[in-house]
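K.L.:
Sequence first, then the predicted structure:
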Number of protein chains: 2
Amino acid sequence: MTVQPTTPYLRVDRHRLQRNVDHGAERAGGRRVALRPHAKTHKTTEIARLQLDAGAVGLTVATLGEAEVFAQHGCRDLFVAYPVWVDERAAARLRDLTDRATVAIGVDSVDSAVRAGRQLAPYAVEVMVEVDSGQHRTGCRPDEAGAVAVAATKAGLRVRGVFTFPGHSYAPDGRASAAADEARALATARDALLDEGLEVAVVSGGSTPSWDYLDPSVVTEARPGVYVFGDAQQWELGAMPPGSLALTCRATVVSHAGGRAVLDAGSKALGADRAAYSTGWGRLLHHPEARIVQLSEHHAVVDLAGAPLPPVGHQVDVVPNHCCATVNLADNLWVEEDGSLQPWPVAARGRNG
Amino acid sequence: MTVQPTTPYLRVDRHRLQRNVDHGAERAGGRRVALRPHAKTHKTTEIARLQLDAGAVGLTVATLGEAEVFAQHGCRDLFVAYPVWVDERAAARLRDLTDRATVAIGVDSVDSAVRAGRQLAPYAVEVMVEVDSGQHRTGCRPDEAGAVAVAATKAGLRVRGVFTFPGHSYAPDGRASAAADEARALATARDALLDEGLEVAVVSGGSTPSWDYLDPSVVTEARPGVYVFGDAQQWELGAMPPGSLALTCRATVVSHAGGRAVLDAGSKALGADRAAYSTGWGRLLHHPEARIVQLSEHHAVVDLAGAPLPPVGHQVDVVPNHCCATVNLADNLWVEEDGSLQPWPVAARGRNG
């Protein structure tokens, strides 16, 4: 296929992608941890297939909409790692999902466990108790996990185990300490369930930055997402080297106004994510010294740090700050292998509910 | 239609929308300034129709993809307010567009003017010379506009006039000063063209925050976009009161973890835009004291400032920081009128190239 999409478009290096998928599988296997990659990163059935073929036990998703897309494309084991509010409509969707796949959802309070049970029992939707390991987003306190699990069990649901997302690993020098927090919180939660006489089949954690430090004496399942592509955040956190980054946004230089290079990839193509530690709005893969110093919807202003500006009309590869947000903006990923480009649809794009 | 979409979804108050459209038309008419609204905000053919019916002279768009969508839906006058890099493919698309509509594009250097002429002349694509009025993004210096216009004319293109985007109006106390910068830059540019013996049919400016201060003795055409919806940025800049905000993201409270309300609308539904002056990642329309203090892809953590938390399972209306980015994430706007919801497709969603 010799189609050349117009810029800005997302480009995936097929060899780097495969290497990242394989490396993830090896890393999990080497620690005897099950791998359940988070598919919210790629939202793409072809990449889910690569992950499952490499030994992933199933997929993690963030929403019922994502679960439906991946179930329709043959994934048989889905964990919605989210405290789903189970109203009647969500219950109906979950019951439909169980016709196609093994399904688990998150609960993070006694109330949400009771409600999930009332709506779902005796259907075969399992629950995982979410605990807060330090990100302070969702999740009960680890020592409350037993009460939540007991409530779910009494409400007629099978409890599979406990999970957390150590999102505070996204900080300079936060990777190891977040992994330690994760292990501590999950061990406390696991023991709280065991103290109630419950089984704990799965203890699930993991983020891409903390993965190097994951404690396999506690964690039995890892849910990294970003590792398949990498992004400027992983680069700047030191979690992935630039040579492993598989996703870029191909952009055209449209202006040299003010002595800087202005690209046609703005926040509507890259996303507007910018963490406190980020050095800019994104990086250029082949100009490591360059920084995107200003970002609008359709403009990225690049400071080349004194290097010659790429000529107007030339194309460059932008590494977005946060690949999950970037992918969710695109209808297709253009996958490059041996010089040709193939479109892979972002099948679950925008499936937020 | 009694469909209730699942949260998170975008909701438009039809009456507020119409009031904003009408108010924009009246404001332009009262100053004898032509209104050419920027359609990148809504990307929706129904709203474009409302604007044109209210007297807009045409639409502004950011990309050729947007221009194609609106031309296919009957818009006969389109200005691509962007320094389009005119390669052969862009030239072919522009020539096709001229079959359906009057079309102008931006140029911001002698080189880009020469190139546009080489690719496009003698087709009826007009050019507008972009000048930098203080945002420091694209645009030549105002005193260079004459040379750029002469180059375009020599290259065989008709120059319609000059334009700028006073984007530095997006700052506390920046609204009036950015409008003054805009008037000064556009007057200089206009005079530079007149000095070269060229006609200047249009002097185009305008942003929603600066619009109250637009100088009609210089500016003949205004290109606001956000005014149709408003957003938390306009609210916090004092440019639009909360009672005028027409676009919200309807979200469900999914957790009370940590004593805060966690919503199912994250950056993949709201966008991750956060200006330096923003007080959070978005606002709640009916809880003005509340702030979104933490934002992930599928979670917004809300600090209610001591007010009682809305119960888990309740729905709330989030005002996103930047409506243009938010709309670009959604496939439909759900337009509420007298209690019923109609989907309006975001027809130009993702048309970034």
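P.N.:
Received, thanks. Given the structure is predicted, the values throughout are model-derived calculations rather than measurements.
K.L.:
From now on I want contacts and neighbour counts done on CA atoms only, so please keep to that.
P.N.:
Noted.
K.L.:
need the helices for chain A, in chain order.
P.N.:
A:14-30, A:45-53, A:64-72, A:88-98, A:110-120, A:145-154, A:175-195, A:232-237, A:267-270, A:323-327 (DSSP state H).
K.L.:
Tell me which of those sits most buried.
P.N.:
Per-stretch averages of neighbours, counted by mean count of other Cα atoms under 10 Å in any protein chain shown, single out helix A:267-270 among those, with a mean of 28.
K.L.:
what does that one contact?
P.N.:
Contact partners of helix A:267-270, identified using Cα atoms under 8 Å, 6 or more residues apart in numbering or on different chains, comprise A:8-9, A:249, A:295-300, A:320-321, A:325-326, A:329-330, B:325, B:328, B:350, B:352.
K.L.:
What of stretch A:208-215?
P.N.:
The set of residues that contact stretch A:208-215 without belonging to it, under Cα under 8 Å, 6+ apart, is A:166, A:169-170, A:175-176, A:178-180, A:183, A:206, A:224-227, A:234, A:237, A:239.
K.L.:
one more time with 10 Å, if that's ok
P.N.:
Outside stretch A:208-215, the residues that touch it by Cα atoms under 10 Å, 6 or more residues apart in numbering or on different chains are A:24, A:27-28, A:31, A:33, A:166-171, A:174-180, A:182-184, A:205-207, A:220, A:222-228, A:230, A:233-235, A:237-240.
K.L.:
Take the helices of chain A and write them to JSON lines, including mean pLDDT.
P.N.:
Shown next, in JSON lines, are these (pLDDT from 0 to 100):
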{"stretch": "helix A:14-30", "mean pLDDT": "98"}
{"stretch": "helix A:45-53", "mean pLDDT": "98"}
{"stretch": "helix A:64-72", "mean pLDDT": "98"}
{"stretch": "helix A:88-98", "mean pLDDT": "97"}
{"stretch": "helix A:110-120", "mean pLDDT": "96"}
{"stretch": "helix A:145-154", "mean pLDDT": "98"}
{"stretch": "helix A:175-195", "mean pLDDT": "98"}
{"stretch": "helix A:232-237", "mean pLDDT": "98"}
{"stretch": "helix A:267-270", "mean pLDDT": "98"}
{"stretch": "helix A:323-327", "mean pLDDT": "98"}
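K.L.:
Compare these and give me the one nearest residue B:340.
P.N.:
Among the helices of chain A, helix A:88-98 comes nearest to residue B:340, with 19.0 Å by Cα to Cα.
K.L.:
Make sure residue A:235 is actually in contact with residue A:227.
P.N.:
No: in this structure residue A:235 lies outside contact range of residue A:227 using Cα atoms under 10 Å: 11.2 Å.
K.L.:
between these two, what contacts are shared?
P.N.:
Residues touching both residue A:235 and residue A:227 (Cα under 10 Å, 6+ apart): A:209, A:244, A:245.
K.L.:
and these, which of them are in strands?
P.N.:
Counting by DSSP state E, no part of the shared contacts of residue A:235 and residue A:227 is found in strands.
K.L.:
PyMOL command to pick out the buried ones of the residues you listed?
P.N.:
Per 16 or more other Cα atoms under 10 Å in any protein chain shown, the buried members of the shared contacts of residue A:235 and residue A:227 correspond to this PyMOL selection:
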select buried, chain A and resi 209+244+245
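K.L.:
Can I get the shared contacts of residue A:235 and residue A:227 in a markdown table including distance to residue A:97 and pLDDT?
P.N.:
A markdown table is the format used below for the shared contacts of residue A:235 and residue A:227 (distance: Cα to Cα, whole Å; pLDDT from 0 to 100):
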| residue | distance to residue A:97 | pLDDT |
| --- | --- | --- |
| A:209 | 31 | 96 |
| A:244 | 35 | 98 |
| A:245 | 34 | 98 |
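K.L.:
Closest one to chain B out of the shared contacts of residue A:235 and residue A:227, please.
P.N.:
Using Cα to the nearest Cα, residue A:209 is the member of these that lies nearest chain B, at 15.8 Å.
K.L.:
Residue A:330 reaches residue B:351, doesn't it?
P.N.:
Yes: under the criterion of Cα under 10 Å, residue A:330 makes contact with residue B:351 at 9.2 Å.
K.L.:
shared neighbours of those two, which are they?
P.N.:
A:8, A:268, A:269.
K.L.:
one step back: can you tell me which of the contacts of helix A:267-270 are in strands?
P.N.:
Among the contacts of helix A:267-270, the ones falling in strands (DSSP E) are A:9, A:249, A:295, A:300, A:320.
K.L.:
Let's have those in a markdown table, adding neighbour count and distance to residue B:128.
P.N.:
Shown next, in a markdown table, are these (neighbours: other Cα atoms under 10 Å in any protein chain shown; distance: Cα to Cα, whole Å):
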| residue | neighbour count | distance to residue B:128 |
| --- | --- | --- |
| A:9 | 22 | 27 |
| A:249 | 27 | 28 |
| A:295 | 23 | 23 |
| A:300 | 28 | 21 |
| A:320 | 31 | 31 |
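K.L.:
Pick out the most distant pair among those.
P.N.:
Spanning the widest gap among the ones in strands among the contacts of helix A:267-270 are A:9 and A:295, at 16.6 Å by Cα to Cα.
K.L.:
How about the residue nearest the centre of chain A, nearest residue that isn't a chain neighbour?
P.N.:
Central residue of chain A (Cα atoms, centre = their mean): residue A:225, 3.3 Å from the mean position. Closest residue to residue A:225 apart from its sequence neighbours, by Cα to Cα, 6 or more residues apart in numbering or on different chains: residue A:38 at 4.3 Å.
K.L.:
Please give me every residue in contact with that neighbour.
P.N.:
A:48, A:58-62, A:78-81, A:206-207, A:222-228.
K.L.:
what about it, distance to chain B?
P.N.:
12 Å (Cα to the nearest Cα, to the nearest Å).
K.L.:
Equivalent analysis for residue A:47, please.
P.N.:
For residue A:47, the distance to chain B equals 20 Å [Cα to the nearest Cα].
K.L.:
Which positions in the stretch 51-200 of chain A make contact with chain B?
P.N.:
By the rule Cα under 10 Å from any Cα of the partner chain, the part of the stretch 51-200 of chain A lying against chain B is A:62-63, A:65, A:82-87, A:89-90, A:107-109, A:111-112, A:131-132, A:135-141, A:167.
K.L.:
Which members of those residues are positioned in strands?
P.N.:
residue A:107.
K.L.:
among the residues of the stretch 51-200 of chain A next to chain B, which ones are buried?
P.N.:
A:62-63, A:65, A:82-86, A:90, A:107-109, A:112, A:131-132, A:135-141, A:167.
K.L.:
What count of nearby residues applies to residue A:201?
P.N.:
Using other Cα atoms under 10 Å in any protein chain shown, residue A:201 has 13 neighbouring residues.
K.L.:
quick one, what contacts it?
P.N.:
A:128, A:159, A:160, A:161, A:162, A:190, A:220.
K.L.:
give me that answer again for 8 Å
P.N.:
For residue A:201, the contact set (Cα under 8 Å, 6+ apart) comprises A:160, A:161.
K.L.:
how far away is it from residue A:129?
P.N.:
Per Cα to Cα, to the nearest Å, residue A:201 is found 12 Å from residue A:129.
K.L.:
what touches both of those two?
P.N.:
Counting by Cα under 8 Å, 6+ apart, the contacts common to residue A:201 and residue A:129 are residue A:161.
K.L.:
Just the pLDDT at the closest residue in space to residue A:52 that isn't next to it in sequence, thanks.
P.N.:
Distances taken as Cα to Cα, 6+ apart place residue A:58 nearest to residue A:52, at 6.7 Å, with adjacent residues excluded. Turning to residue A:58, the model gives it a pLDDT of 98.
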